[in-house]
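Engineer: Give me the fold of what follows.
(2 chains)
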Amino acid sequence: MTNTLTVPKRPSPNSRGDGVFRAVIIGLSLIIIAVFLLSIFLLGRDSLPALREFGFGFLTQTVWNPVTKQFGAGSMIAGTLITAFAALVISVPLALASAIFVAEYAPKWLANPVSYLVELLAAVPSVVYGLWALFALKPILQSFQLFLFTRNPDLVTQCSTLHSNGQNSFACFFMPEAPTGQGLALAIIILTIMILPYTASVARDVIRLVPGDQREAMYALGATKWEVIRGAILPFARAGITGGVILALGRALGETLAVAMVIGNNPEFVKTIWGNTATMASMIALQFGDAQEALHRSSIVALALLLFFVSVVVNYSARLIIVRLTPKGIQ
Amino acid sequence: MTRTLQRGAARSAGLSAGRKATNLFMGFLISLGTLLVVAPLIWIFVYLTAQGIGALSVDFFTKVPAPEGEAGGGWLNAISGSLIMLLIAAVVGVVVGVAGGVFLAEFPRHRLMPTIRMVSDVLSGIPAIVVGLVVYSLVVLTTRHFSGFAGGLALGLLMIPIVVRTTEEVLKLVPLAVREAGLALGLPQWRVILSIVLPAATSGIVTGVMLALARVAGEAAPLLFTAFGNNLLNLDPSKPMSALPLQIYIGATSSYDINQNQAKAGSLVLIVLIFLASLAARSATRQKK
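Structural biologist: Below is the predicted model:
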């Protein structure tokens, strides 16, 4: 007995090589951390001149003018937040509907294709969404704006006077300045579609995890299907759904080319829901290549640094919520 | 017993009209919402097919672009560029990603494990354009020119978190008993992992890599400042290179009809390829179950 126990303690001659293997694996895994740290270092280094020049004013100033060398990210930050949150508000109910449909309503032959289609929505490249928005959606919005224009000639003149005085009103916020079709509204529509699958697939997985007993108990009490969904399923899946929503928020904040192609890229604070504005990501994509001035370049990298930190925080909290608050099996 | 049953029956019969109506209405809303979610995908596919198929010809796959605005020419440069950069990306993504996955799955008690898991999760959410800027600082500024290598590296970095996660998950599906059997035979841990665990998980890992490739194949944003694009056929990754999504971006924002139509055709080719890749990857996992 004592003999047998001591045997494993003796290092087996075969385990030579384990140390090397372990070192290789850990070394390669450390590349992941290195990429992360290197990103912070490089973005920090390259954005230092801009941050030194503008300090915290970089976040609040709304003038972005390469000619006068004034760079403030305020209107881009606003553009990013407005598009992302508006897209979230529209997409969450739709994503929930599709998740509930797949998990609770649809028969299996329909549920699988539908959930596969929803996932394909995430596989469509950003540029393709941009192209589709530009050629298929923009003309539709344009004719709608033209309709608004011709229907309310008085409001149009009224709003242009207001805007030229630097003022705005509730009615003018929904009145286009010029019927171009592109702008904030189109960007929000595109973002809504693009982030749908992230919330939808997390929500679907979490809803499927709700224990059957819980449903049956409510059905046994005579509840209708909707009452079961509202009373037993959604509260149980709430934490996971929240995680999925935050994940989608992260996507929305960083989405680049589709937005860049339709938002108009005017680094000014947006005046109307149809107006041209810019997001941080769209600004990076469109101006970095042309930026000759060192301070201009540095300011764009500062936008990227900001985007980097925001997405780290958003994604980290999403993972935290998804991992901690949902039952095991979903991550 | 009978009484209970009767009461139950009475209850469902006596379901108030309001509750019934709410139930029906919500069911209707949910179906409508699902339809709204799926509609854009079908719309995009039908739109691209209708608009793009006309610009597809043999030339599209065998020639390089004509000067902007002129008829003719093809996207051979973009197709070959995409293939080369995806190959580079696959090398980066598979080597680092699989190693990371093996680390997370096989050394779960290592003290670096939580950090690497967290960093890899967080990396998956970093916007692609930011990754592009990082690679720009790292490679383009150092070598002083845009290159296919830089583009491939940017795509590879984007692949890493996806490959890490799928590898880890697939490796955890390999039963512990299999590992113990290997160890009991006197094999060192590295032999068990390389010769038993990884082969058992190969199909899952390949699926993960395919999905990651399909995901980055559509990325144009990180290529803007790394691969930059090139209108000539270039097979040398140390020089600027085009890619399908990059060429779509250029064509779609061009003011010429011809370039716009080619961009629609290019989009059709790209999404068909991506859909096929993800379909293949998914059906491979489905068969395994």
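Engineer: Only C-alpha atoms from now on, for both contacts and neighbour counts.
Structural biologist: Will do.
Engineer: what's the helix or strand for the residue sitting nearest the centre point of chain A?
Structural biologist: Closest to where the C-alpha atoms of chain A average out (CA atoms, centre = their mean) is A:Ala252, at 1.9 Å. Under the criterion of DSSP states H and E, A:Ala252 resides in helix A:234-254.
Engineer: just checking, what packs against that helix?
Structural biologist: Judged by 3 or more CA pairs under 8 Å, 6 or more residues apart in numbering or on different chains; DSSP states H and E, the packing partners of helix A:234-254 are helix A:74-100, helix A:184-209, helix A:294-325.
Engineer: Report the inter-axis angle for it versus helix A:294-325.
Structural biologist: 170 degrees (axes from the mean of the first three to the mean of the last three CA atoms, to 10 degrees).
Engineer: buried set for the helix or strand just after helix A:234-254?
Structural biologist: Next helix or strand after helix A:234-254 toward the C-terminus (DSSP H and E): helix A:257-262. Neighbour-count burial for helix A:257-262, counted by 16 or more other CA atoms under 10 Å in any protein chain shown, picks out A:257-262.
Engineer: can you redo those as CSV with distance to chain B and pLDDT?
Structural biologist: Formatted as CSV, the buried residues of helix A:257-262 follow (distance: CA to the nearest CA, whole Å; pLDDT from 0 to 100):
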residue, distance to chain B, pLDDT
A:Leu257, 6, 95
A:Ala258, 9, 96
A:Val259, 11, 96
A:Ala260, 10, 96
A:Met261, 7, 96
A:Val262, 10, 95
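Engineer: ok so, going back, what's the least confident stretch among the helices and strands packed on helix A:234-254?
Structural biologist: For these, the weakest mean pLDDT is recorded on helix A:294-325, namely a mean of 90.
Engineer: quick one: is it near chain B?
Structural biologist: Yes - shown here: helix A:294-325 in contact with chain B (CA under 8 Å from any CA of the partner chain) through A:301, A:304-305, A:307-308, A:311-312, A:315-316, A:319.
Engineer: repeat for stretch A:186-203
Structural biologist: Yes - contact of stretch A:186-203 with chain B (CA under 8 Å from any CA) involves A:193, A:196.
Engineer: Distance from the chain centre to that stretch, please.
Structural biologist: Its chain's C-alpha centre and that of stretch A:186-203 lie 8 Å apart, by CA atoms, centre = their mean, to the nearest Å.
Engineer: and what of stretch B:61-69?
Structural biologist: That offset, for stretch B:61-69, works out to 28 Å (CA atoms, centre = their mean).
Engineer: I'd like the mean pLDDT over the strand or helix carrying B:Leu35, please.
Structural biologist: According to DSSP H and E, B:Leu35 maps onto helix B:17-52. Summarised as a single mean, pLDDT over helix B:17-52 is 94.
Engineer: Please, which helix or strand holds the closest residue in space to B:Val209 that isn't next to it in sequence?
Structural biologist: Using CA to CA, 6 or more residues apart in numbering or on different chains and skipping residues adjacent in sequence, the residue nearest B:Val209 is B:Val163, 5.8 Å away. Assigned by DSSP H and E, B:Val163 belongs to helix B:148-173.
Engineer: So for that helix, what gets flagged as buried?
Structural biologist: Quick answer for helix B:148-173 (16+ other CA under 10 Å): B:148-172.
Engineer: With stretch B:264-281 instead?
Structural biologist: Result for stretch B:264-281 [16+ other CA under 10 Å]: buried residues B:264-271, B:274-275, B:277-278, B:281.
Engineer: now for the helix holding B:Val163, which elements pack on it?
Structural biologist: helix B:76-106, helix B:113-123, helix B:128-135, helix B:198-217.
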